[in-house]
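Asker: make a model of this:
(one chain, ligands or ions: 1)
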Amino acid sequence: MYGVNPSKTPVKVRLATTSLAGCFGCHMSLLDIDERLLELAEIAEFDRTPLTDIKHCGRCDIALIEGGVCNAENVHVLRELRANAKILVAVGACAINGGLPAMRNSLAIGDVLHKVYGDPEREGTGVPNDLELPLPLDKVYPINEVVRVDYFLPGCPPSADAIWRYLTALILGHMPRLEPMAMNYD
Ligand code: SF4
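Answerer: Purely as a prediction, here's the structure:
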């Protein structure tokens, strides 16, 4: 069971979260657990997450991933989390099937870039070409097409209650379940 060591002394579960190609709505839902954040802080500590601003993930028990995979940096971040997390959870429609960002998948990436950034023949326009910018992928991928995923928490976003119930079940070592009525798509 997570959170308990053999001497029965409580040990905090280590959590990581990240947002790839998403809108941060799933993280907003996580914050919407409101005062239960204090309860969570009693049993868990955070590694890499927007809440701590830690940039690289260390060893952790559970990683919650929001968003699909749209560029090379997303691939790097996702692989780092997978390598360090015992349990990896795809949170929300974007992580599970690409969601809204995947609406670009019916178009060629070159056409998308030229549509967004303008005609490369016109002065002062064109696709940015800076090594600091992550290369976009040909399409937006669900995270399970890049790494192995242990659990899927559907919704857009999943409600705060659904995230709380799912997360606490995992922390207690139970199989998380979500009945259809608990699924939320805004
Ligand atoms: Fe935003 Fe919905 Fe995607 Fe979550 S699943 S990141 S709420 S668009």
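Asker: so which bits of this structure are right by the ligand?
Answerer: Residues of the chain lying close to the ligand by Cβ under 6 Å from any ligand atom are 22-23, 25-26, 66-67, 92-94, 99-100, 156-157. All C-beta atoms are positioned from the backbone trio N, CA, C, and that covers glycine.
Asker: phi first, then psi, for I65.
Answerer: When read as degrees, to the nearest 10, the backbone of I65 gives phi -110, psi 120.
Asker: run a quick neighbour tally on it.
Answerer: A count of neighbours around I65, defined by other Cβ atoms under 10 Å, yields 31.
Asker: elements contacting the one helix or strand in the chain whose mean pLDDT sits lowest?
Answerer: Across the helices and strands of the chain, mean confidence by mean pLDDT, DSSP states H and E is lowest for helix 109-117: a mean of 88. On a contact count with 3 or more Cβ pairs under 8 Å, 6 or more residues apart in numbering; DSSP states H and E, helix 109-117 meets strand 136-141.
Asker: by how many degrees do the strand it packs on and helix 109-117 diverge?
Answerer: Between strand 136-141 and helix 109-117, the angle comes out at 100 degrees (axes from the mean of the first three to the mean of the last three Cα atoms, to 10 degrees).
Asker: so for strand 136-141, what's the average pLDDT?
Answerer: Model confidence over strand 136-141 averages 97 on the pLDDT scale.
Asker: swap in stretch 85-103?
Answerer: Mean per-residue pLDDT for stretch 85-103: 97.
Asker: which residues belonging to that stretch are considered buried?
Answerer: 85, 87-99, 101-102 (16 or more other Cβ atoms under 10 Å).
Asker: and the helices in the protein, which stretches?
Answerer: In the chain, the segments counted as helices under DSSP state H are 25-31, 36-43, 72-84, 93-97, 109-117, 160-171.
Asker: what's the closest of those to Y141?
Answerer: Among these, the nearest to Y141 by Cβ to Cβ is helix 72-84 (8.6 Å).
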